[in-house]
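1. Okay, sequence plus prediction incoming.
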Amino acid sequence: MGQCPKCGDWNTFEETVIAVSKSSFKASAKASTTIPLSKVKKRDSQRVSSGSEEFDRVLGGGFVPGQVILLAGDPGVGKSTLLTQISKDMEKKKVLYVCGEESLGQVKVRADRMQYKAENLLVLAETDADIISATIAHEPGLSLVIVDSIQTITSSEYMGFAGSVGQVRGGTQKLTNAAKSAGVPVILVGHVTKQGNVAGPKVLEHIVDTVLYLEGDAQHLFRILKTNKNRFGPVSEVGIYEMNEKGMREVSNPSEMFLEEKSDTSGSCVSVVVEGFRPILFEIQALTTKTAFGYPRRTTSGFPTNRLQVLIAILEKRCGLNLSDQDVYVNVAGGFKVNEYAVDLAVCLAIASSLKDKPLKNKTVAFGEVGLSGEIRNVSHQDKRIKEARKLGYTNITSPKKTKSVRDALKIALP
């Protein structure tokens, strides 16, 4: 109103925000009834299988009714392909696929490429969180809801554009409430920033029940599904897939897959990591060449560069190897990324093998953490690692149980 209806003056109105006093709020609040935890009855929810053994392993046995899952990964890593594969595996259950980024035609093309008739898949081209929530509540018989992606979901109740902090957080909260009310598991696809974090506020990971990361190198076919948070299961399990033209294929024996192209040349050593409760064998490759510059290069792929610098210093100081004039390159074959200290010994043996240009003894496996004094320290699940190595025919196992120093390990592994 530009003019006051009483005095007739212009531009005299001012906006005043009236806040609710804290005292009146406290007066109207009622105390709730508390009960001892010992009297609370445990409810075992019936899990819903995804049809994928690898995906069920990561979830802890399958979907829990009302569970909200955030699936994150780099662009093009295969998130949509994996979710379409899960829909295909759940062919006897009704799945709702909400298309926020893609058109319905693009989803149809992907399903045809995967030879998926999609008779159980309902599609919805919608980005309004309120409409999606209402659809979840009124569509009968849903076993799973997939929202691709949460960055495109908006609501008129919140300020900002799609992908902003307020919209992402508000849309996630609305979909979470709808999932809990209907008892239907919901998978939200999230983007990953250049820093490797889920795009949007960090609180987004606190709202959902489970956070999954799909990792993989665009140059390789293998994809690894890891758990960062899980309220209904362990956070240590991993699932391994192979990307092909027909979708995602589960890998039941990843050790054989990573070692099928292993060569018996110098600079190669097999190691064992434990992802969750699952031992996996893979090949560590190292190459040393005479440096052409004053400062030698240290380059890695799939292994921390700073850790490589430490291991090179240990080899020079404790084992008498001269690497000051050598460029050192370390690669984890197959695109696997390793952050476990248990592969320290394998990296040292691979570097020494390349420097001396001598292949390691046949059927050699090495694992163990290397200390600054050159000692080999114990690692977790040693018996499980040894059992997996012997299962695949490796007999010369260099581990903390067999030797206590890197110098002795070189004598055992090198001919």
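-> Thanks, I have it.
2. List the buried residues of the longest strand belonging to the chain.
-> With residue count as the measure and DSSP state E as the assignment, the chain has strand 278-290 as its longest strand. For strand 278-290, a neighbour-count test (16 or more other Cβ atoms under 10 Å) marks Arg278, Pro279, Ile280, Leu281, Phe282, Glu283, Ile284, Gln285, Ala286, Leu287, Thr288 as buried. Yep, even glycine has a C-beta here, placed from its N, CA and C like the rest.
3. Out of the residues you listed, which one has the lowest pLDDT?
-> In terms of pLDDT, Arg278 ranks lowest among the buried residues of strand 278-290, with 85.
4. dump the residue contacts of that one.
-> Glu237, Val238, Pro254 (Cβ atoms under 8 Å, 6 or more residues apart in numbering).
5. Kindly check the end-to-end length of stretch 42-56 for me.
-> This stretch, stretch 42-56, spans 22 Å end to end (Cα to Cα, to the nearest Å).
6. Show me which residues of it are buried.
-> For stretch 42-56, the neighbour count (16+ other Cβ under 10 Å) marks Arg47, Val48, Ser49, Ser50, Gly51, Ser52, Glu54, Phe55, Asp56 as buried.
7. Which residue lies closest in space to the fourth one, excluding its sequence neighbours?
-> Once its chain neighbours are removed from consideration, Ser50 has its nearest residue in Ile86; the separation is 5.1 Å (Cβ to Cβ, 6 or more residues apart in numbering).
8. And for that neighbour, the neighbour number?
-> Neighbours of Ile86 under the rule other Cβ atoms under 10 Å: 19.
9. what's the spacing between it and Arg231?
-> Distance of Ile86 to Arg231, computed by Cβ to Cβ, to the nearest Å: 20 Å.
10. any idea which element Ile187 lies in?
-> Using DSSP states H and E, Ile187 sits in strand 186-191.
11. mind listing what's buried in that strand?
-> Along strand 186-191, these residues count as buried under the neighbour rule (16+ other Cβ under 10 Å): Val186, Ile187, Leu188, Val189, Gly190, His191.
12. Need the nearest residue in space to the third one, chain neighbours excluded.
-> So the one you mean is Leu188. Ile150 (4.5 Å).
13. With only the CA atoms kept, save the longest strand of the chain in PDB.
-> The C-alpha trace of strand 278-290 is given here as PDB (Å, rounded to 0.1, in the frame of the first residue of the first chain):
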ATOM      1  CA  ARG A 278      37.300 -59.600   1.300                       C
ATOM      2  CA  PRO A 279      40.900 -60.300   0.400                       C
ATOM      3  CA  ILE A 280      41.800 -59.200  -3.200                       C
ATOM      4  CA  LEU A 281      45.100 -60.000  -5.000                       C
ATOM      5  CA  PHE A 282      46.400 -57.500  -7.600                       C
ATOM      6  CA  GLU A 283      49.700 -56.600  -9.300                       C
ATOM      7  CA  ILE A 284      52.000 -53.800  -8.300                       C
ATOM      8  CA  GLN A 285      54.200 -52.600 -11.200                       C
ATOM      9  CA  ALA A 286      57.400 -50.600 -10.800                       C
ATOM     10  CA  LEU A 287      59.800 -49.100 -13.400                       C
ATOM     11  CA  THR A 288      63.100 -47.500 -12.600                       C
ATOM     12  CA  THR A 289      65.100 -45.600 -15.300                       C
ATOM     13  CA  LYS A 290      68.100 -43.400 -15.400                       C
END
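14. low pLDDT regions in the protein?
-> Along the chain, the parts satisfying pLDDT under 70 run over 1, 14-28, 44-45, 193-202, 218.
15. Run a quick neighbour tally on the residue nearest to Leu188.
-> Counted by other Cβ under 10 Å, the residues lying close to Ile150 total 29.
16. List the contacts of it.
-> Contact partners of Ile150, counting by Cβ under 8 Å, 6+ apart, are Leu70, Gly100, Val168, Gly171, Thr172, Leu175, Leu188, Val189, Gly190, Gly200, Leu204.
17. Tell me where the stretch 51-200 of the chain has helices.
-> Here the stretch 51-200 of the chain has its helices, by DSSP state H, counting those that start in this stretch, at 53-59, 79-89, 104-113, 129-138, 165-182.
18. Show me what counts as buried in the fourth one.
-> Neighbour-count burial for helix 129-138, counted by 16+ other Cβ under 10 Å, picks out Ala129, Ile132, Ser133, Thr135, Ile136.
19. cool, and stretch 314-324?
-> Neighbour count says stretch 314-324 has Ile314, Leu315, Arg318, Cys319, Leu321, Leu323 buried, by 16+ other Cβ under 10 Å.
20. can you give me phi and psi for the fifth one?
-> Pointing back at Leu321 there. When quoted as degrees, to the nearest 10, the phi and psi of Leu321 stand at phi -90, psi 130.
21. Apart from its neighbours in sequence, what residue is nearest it?
-> Excluding its sequence neighbours, the residue lying closest to Leu321 (Cβ to Cβ, 6+ apart) is Leu315, at 4.6 Å.
22. who's in contact with the one you found?
-> Going by Cβ under 8 Å, 6+ apart, Leu315 touches Leu321, Leu323, Cys348, Ile351, Ala352, Val406.
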